[in-house]
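[1] return atomic coordinates for the entry below.
(one chain, ligands or ions: 1)
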Amino acid sequence: MPAAPLTSLDRLAIHTFTLKPWDLERCCAALSAAGIGGITVWRQHLEPYGTAQAAAIIRAHGLRVPALCRGGFFPHHDHAGRCSAIDDNLRTIDDAAAIGADMVVLVCGAVPGMPLDQARGQIRDGIAACLDHARSCGVRLAIEPLHPMYAGDRSAINTMTQARQICEDIRDPLLGIAVDVYHVWWDDRLADEIRLAGEQGTLFGFHVCDWRLETRDLLNDRGLMGEGCIDIRGIRALMEDAGFQGFNEVEIFSLWRWQQDQDAYLAEIIDAYRNHT
Ligand code: ZN
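    Numbers count the residues shown, from 1 in each chain. As a prediction, the model looks like this:
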């Protein structure tokens, strides 16, 4: 079934990193004034405030927080590195609970030179070591598969299938998947994996942006919805058919957009959300 056009902004959330030049307070004020329902907070935007003040600002603007970005980066060559990564994730879970975030998004990590299957084993063990704490805090953990161009140094989890395998190995209702169209749009298993994740109750998050054909930067040149070649509305239909009812989170890293007037950019984002998402 085709997805219905998004007229309301209730289920729109914007990542603070999308509006990187703004601080958290400015982001909250602008999103709230525009009638947007949610904000996904990045740790860089949280740190200058601390969790108590950040939570008060977010609450005062009536915004919901689908996620705190981001945890993960579990694999390391040495034991001390792996332990310190787990400690960092436990603190991130604390921060998420303190600002009322529903989940922590996990960019799982990769180490140059480490075989990917070894990294995946360390990722699985690292996540497993965090789940008791996540449970005590009431925070969910969402594995975000990253496009394979990042397999060398950012994440050894590159497909929905690999994310599902970890979910099936661990089997915990607090562990699921964040589906980011930028990372998974090309995958011929995408429709099947979204359906399976819906059945398994692991569809936690949905991130949107677009894939510009003339990518100028592998990290910081994501497109606004409609600027690229991803069938975003088609993927949203797959998500909703699989039972997803969460936020549509706009997550765009763009060196070019960050140089633009952010108020005008926010208006463009809302337009692209209604017409191309
Ligand atoms: Zn994402």
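[2] show me which residues of the longest helix along the chain are buried.
    In the chain, with assignment by DSSP state H, the single longest helix is helix 116-137. Neighbour-count burial for helix 116-137 flags 116, 119-124, 126-127, 129-131, 133-134, 137 (criterion: 16 or more other Cβ atoms under 10 Å). In short, each C-beta sits where N, CA and C put it, glycine included.
[3] show me what the very next helix or strand once past that helix is packed against.
    Sequence-wise, the next helix or strand downstream of helix 116-137 (DSSP states H and E) is strand 140-143. If contacts are counted by 3 or more Cβ pairs under 8 Å, 6 or more residues apart in numbering; DSSP states H and E, strand 140-143 sits against strand 101-107, helix 116-137, helix 160-170, strand 175-180, strand 203-208.
[4] how about strand 140-143, does it get close to the ion?
    No. Strand 140-143 stays clear of the ion (Cβ under 5 Å from the ion), getting no nearer than 9.4 Å.
[5] buried set for that strand?
    Buried positions in strand 140-143, judged by neighbour count with 16+ other Cβ under 10 Å: 140-143.
[6] also stretch 60-70?
    In stretch 60-70, counting by 16+ other Cβ under 10 Å, buried: 61, 63-70.
[7] what's the closest of these to the ion?
    Comparing the buried residues of stretch 60-70 against the ion with Cβ to the ion places residue 69 closest, at 7.5 Å.
[8] which strands and helices sit next to the host helix or strand of the closest one?
    Here residue 69, judged by DSSP H and E, is contained in strand 65-72. Helices and strands touching strand 65-72, by 3+ Cβ pairs under 8 Å, 6+ apart, are strand 38-42, helix 43-46, helix 79-98, strand 101-107.
[9] re earlier: show me the two of the buried residues of stretch 60-70 that sit farthest apart.
    For those, the farthest-apart pair by Cβ to Cβ is 61 and 70; their separation is 22.2 Å.
[10] ok, which residues in this protein are in contact with the ion?
    Within the chain, the residues that sit near the ion (Cβ under 5 Å from the ion) are 180, 207, 251.
[11] tally of neighbours for the last one?
    Read it as residue 251. By the criterion of other Cβ atoms under 10 Å, residue 251 has 26 neighbours.
[12] quick one: contacts for it?
    15, 17-18, 40, 180, 182, 207-209, 222 (Cβ atoms under 8 Å, 6 or more residues apart in numbering).
[13] want to throw the residues you listed into JSON lines with pLDDT and neighbour count?
    Formatted as JSON lines, those follow (pLDDT from 0 to 100; neighbours: other Cβ atoms under 10 Å):
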{"residue": "15", "pLDDT": "98", "neighbour count": "26"}
{"residue": "17", "pLDDT": "98", "neighbour count": "20"}
{"residue": "18", "pLDDT": "98", "neighbour count": "27"}
{"residue": "40", "pLDDT": "98", "neighbour count": "30"}
{"residue": "180", "pLDDT": "98", "neighbour count": "21"}
{"residue": "182", "pLDDT": "98", "neighbour count": "21"}
{"residue": "207", "pLDDT": "98", "neighbour count": "26"}
{"residue": "208", "pLDDT": "98", "neighbour count": "26"}
{"residue": "209", "pLDDT": "98", "neighbour count": "27"}
{"residue": "222", "pLDDT": "97", "neighbour count": "24"}
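[14] about what we covered before: which of the buried residues of strand 140-143 sit farthest apart?
    Pairwise distances among the buried residues of strand 140-143 were taken by Cβ to Cβ; the largest, 10.8 Å, belongs to 140 and 143.
[15] shared neighbours of those two, anything?
    175-176.
[16] give me the contact list for the strand or helix carrying residue 27.
    In this structure, residue 27 sits in helix 24-33 according to DSSP H and E. Residues from elsewhere that reach helix 24-33, judged by Cβ under 8 Å, 6+ apart: 14, 16, 19, 22, 38-39, 41, 45-46, 48-49, 54, 57-58, 60-63, 262-263, 266.
[17] try stretch 156-171
    Contact with stretch 156-171 is made by 75, 108-110, 116, 119-120, 123-124, 127-128, 131, 143-148, 150-151, 175-177, 179, 183-184, 187, 189-190, 193-194, 196-197, 200, 202, as judged by Cβ under 8 Å, 6+ apart.
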